[in-house]
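Participant: here is my input, please return the structure:
(2 chains)
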Amino acid sequence: MDLQFSPEEEAFRAEVRAFLKDHLPPELAAKVKAGQRLTRFDQENWHAILNKKGWLAYHWPQEFGGTGWSPVQKFIFDDECALAGGPRLVPFGLSMLGPVLIKYGNEAQKSHWLPRILNGDDWWCQGYSEPGAGSDLASLKTTAVRHGDHYIVNGQKTWTTQGQHANMMFCLVRTNKEVKSQQGISFVLIDMNQPGVEVRPIRTLDGDKEVNEVFLTDVKVPLENLVGEENKGWTYAKYLLTYERTGIAGVGFSMAGLEKLKVIAQRVQRNGKPLIEDPQFATRMAKVEIELLNMATTNLRVIASVADGGVPGAESSMLKIKGTVIRQELLSLVRRAMGPYALPFIEEAQFAEYADAPVGPKEAATAAAAYFNYRKLSIFGGSNEIQRNIISKMILGL
Amino acid sequence: MNFQLDEDRRMLADALGRYLSEQYSTDYRNKAAYGAQGFSADTYAKLAELGAIGALFKEADGGFGGDGVDISVVFEALGTHLVAEPLLGALLVGRALTEAGSDVQKAQLEGIIGGETIAALAHDEPANHYELNRVATSAQTEGDGWVLNGSKAVVLFGDQAQLLLVSARTAGAVGDEAGISLFLVPGDAAGISSRGYGRIDGGHAAELVLANVKVGADALLGKLGEGHALLERICGFGLLALAAESLGAMDVAKNHTLEYLRTRKQFGVPIGSFQALQHRMADLLLEAEQARSAVINAAAAIDNPDYLEREKALSAAKYSVGQIGTLMAEEAIQMHGGIGVTWELPLAHYAKRIIMIDHQLGDMDHHLARYIALQAQERAAAKAA
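Facilitator: Residues are numbered from 1 along each chain as shown, chains lettered A, B, ... in the order given. Next up, the predicted model:
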């Protein structure tokens, strides 16, 4: 057993760190560290910086513009980016659609869409969930009916994250109602800038508007936008979800969150002493730190077990549950550290451009909103209950 | 990075596993563990022969292992088979000898590794609660030697040990770290009276009273008055060992429970088809993986020269197995239903051992508090630097 990173891996870490030092814009890192809202430009800018270096689609095969990095290198990259305050990459094109096209798309689809993902020509969103089909995804009702050289799509998608920016949507549609619910689903690519597509924002409990409902009325989708075979979309959808869950442990983000929490807890006072010395608060902080250190090792064990290629299977469900619970606890502790100053909510203060003095400690502007916003972690990507179902079925055989 | 055991460790684990699977059935174990001596001398001799004790020590000290992975491999196997034999005492006292013993003192290691000498750490006292500094037993000089007086509590196999490592105060007040010294005392030294008893999880322990126990100058192990650090160091090895043992026992508890969910029928279907139980079982699985990671972290840290890094990892591991082990034991019993609370069921004995590990060398509350204290030391050091 050897828990050390190899000299080559340490050298790679140094290379990543040096790159981040030179190319991650400090004002962007400051925003991320403060938990402030990022703009579309912030996200596109960071993608472009990474793309210029050839590090954007780092988990794709090299022939499509990926890096050929080992699972450990990918872990190190994620870790360093998170610690440096790099924004989370927008996953829809990069980590969701990209791998599906690479595995199941035809040559024309690959050569057209993949470079556009790298260059930021399209902003993709995900058309999976529907009002009646969340965790029970296979019960989706949006229909696609063949009509000459295209499909006519009707239905409603929901929880479409950042759909307000998107010009393209990868979408699950029902192409056969006569068969078992998993068997009549197809995976299609929809141009959002056409008649019949209507995007309506859903305001979330923290006041944000990053998720949307998407109404599809007689929307035309050319047959060439069908990925893989008709009625086989469930296979591709599941493949995509496995990718969605890799890296979901979010160790780097939690490490960064813990550091932030410690800084706050040293500054905030309770009973005239730093909060970090308060027995109850210190206890909760220590518990979550120990859990995080344990999970970091579990994460490396899962990575080491797939070092020969492939993606983790049901193990990623364990990481999703544990990782999201830990991140939520860290956000909960930041909120609690604010005391009564968690209450004020000045929406504009969540943006870096806000020029007025903060109300209360400077973290207070975002603490409660971030806590509420990230309740989604244990719900999206297959709720933690669904992950337990997967573990129960795939690992335990129950 | 590599999380696989190397060839030597795998062979050791296989040999131990094979022997224990064949020769150490639950019936055999329970008869010995809950019997008059609390262990089987035959089994202990065989474990020594197989190298289970030697693997806890470095080659230079007469063993053939001694690093964190060796210790965790051995103790995980002991946990898997619920071994009641006194290996923990061998590890604690043996490592005290290797860490601080004179050549003459170290000579006693041979008997420990060979399984002929049963050794016991006599540290806890009726009025301490896992604290290493709360030593009231006194050692006073008399001529060249020492006279020991005091009481020691729940000394594992303390009534049968040939070699006791006794903590005693040579200066300072109860609660001080300074002024604690460690003494090697023969188990049959005049003035020691013992009250032995069985433990709820199998195995034996004893209350010891030391009344004017006279030992020579050569009984002092390590430096006078500086025993606290040595005690902390050897208990560190014990924390790793106990965490690994708990892990082995947790794996069995988890597997037995899973098997039960698959086979036990209620309402005409296996109870494992109920989502309420599936989700709890899924949580047990993922928590057990966290416990394994905690043990790996502790094994990697055991020889880390950075005191705070090392001790934090050890306390984190003991806290983790305390927390997760309690969940595992309680859930395993609950999911077994009525049969879970019977003596007849092997699982019940695993559950007892898992819970009782939390009562050795500091429980989860103790180690969480210690972890927090170590963090505070770290902050103070960072501020000073």
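
Participant: can we go C-alpha only for contacts and neighbour counts from here?
Facilitator: Noted.

Participant: can you pull out the strands in the stretch 101-250 of chain B?
Facilitator: Applying DSSP state E, counting those that start in this stretch to the stretch 101-250 of chain B gives strands spanning B:119-122, B:138-142, B:145-156, B:163-169, B:180-186, B:192-198, B:204-215, B:220-221.

Participant: quick one: strands adjacent to the last one?
Facilitator: If I follow you right, that is strand B:220-221. Next to strand B:220-221 in the sheet, as set by DSSP bridges, lie strand B:180-186 (antiparallel).

Participant: ditto for the first one
Facilitator: Applying DSSP bridges to the sheet, strand B:119-122 is found paired with strand B:163-169 (parallel).

Participant: contacts for the partner strand?
Facilitator: Contact partners of strand B:163-169, identified using Cα atoms under 8 Å, 6 or more residues apart in numbering or on different chains, comprise B:93, B:117-123, B:135-139, B:148, B:158, B:179-187, B:225, B:227.

Participant: quick check: mean pLDDT of it?
Facilitator: Average pLDDT, strand B:163-169: 98.

Participant: next one: it to chain centre, how far?
Facilitator: On the basis of Cα atoms, centre = their mean, to the nearest Å, strand B:163-169 is displaced by 17 Å from the centre of the chain it belongs to.

Participant: quick check: angle from it to strand B:204-215?
Facilitator: Strand B:163-169 and strand B:204-215 meet at an angle of 70 degrees, taking axes from the mean of the first three to the mean of the last three Cα atoms, to 10 degrees as the criterion.

Participant: could you pull out the buried residues of strand B:163-169?
Facilitator: Using 16 or more other Cα atoms under 10 Å in any protein chain shown as the test for burial, strand B:163-169 gives B:163-169.

Participant: so who does the residue of the stretch 51-200 of chain A found nearest chain B touch?
Facilitator: Relative to chain B, the nearest point of the stretch 51-200 of chain A is A:Val72 (8.4 Å; Cα to the nearest Cα). The contact partners of A:Val72, by Cα under 8 Å, 6+ apart, come to A:9, A:300, A:303-304, A:307.

Participant: so it: helix, strand or coil?
Facilitator: Classification of A:Val72 using DSSP: H, G, I helix; E, B strand; the rest coil returns helix.

Participant: kindly report the domain assignment for chain B.
Facilitator: Chain B resolves into domains spanning B:7-118, B:120-225, B:228-384 when parsed by the TED database.

Participant: on the three-state scheme, A:Pro361 is what?
Facilitator: Three-state call for A:Pro361 (three-state DSSP): coil.

Participant: give me the neighbour count for it.
Facilitator: A count of nearby residues for A:Pro361, using other Cα atoms under 10 Å in any protein chain shown, gives 16.

Participant: in contact with it, which residues?
Facilitator: A:338, A:341.

Participant: what's the distance between it and B:Ala52?
Facilitator: Distance of A:Pro361 to B:Ala52, computed by Cα to Cα, to the nearest Å: 57 Å.

Participant: ok, now A:Asp79?
Facilitator: A:Asp79 sits 39 Å away from B:Ala52 when distances are taken as Cα to Cα.

Participant: quick one, which of the two is more surrounded?
Facilitator: Ranked by neighbour count (other Cα under 10 Å), A:Asp79 and B:Ala52 place B:Ala52 first, with 30 against 21.

Participant: what sits against B:Ala205?
Facilitator: The contact partners of B:Ala205, by Cα under 8 Å, 6+ apart, come to B:154-159, B:196-199.

Participant: picking up where we left off before, ok, of the contacts of A:Val72, which come out buried?
Facilitator: Among these, those buried by neighbour count (16+ other Cα under 10 Å) are A:9, A:300, A:303-304, A:307.

Participant: so B:Lys152 sits against B:Arg195, correct?
Facilitator: No: B:Lys152 is not in contact with B:Arg195 according to Cα atoms under 8 Å; the separation is 10.7 Å.
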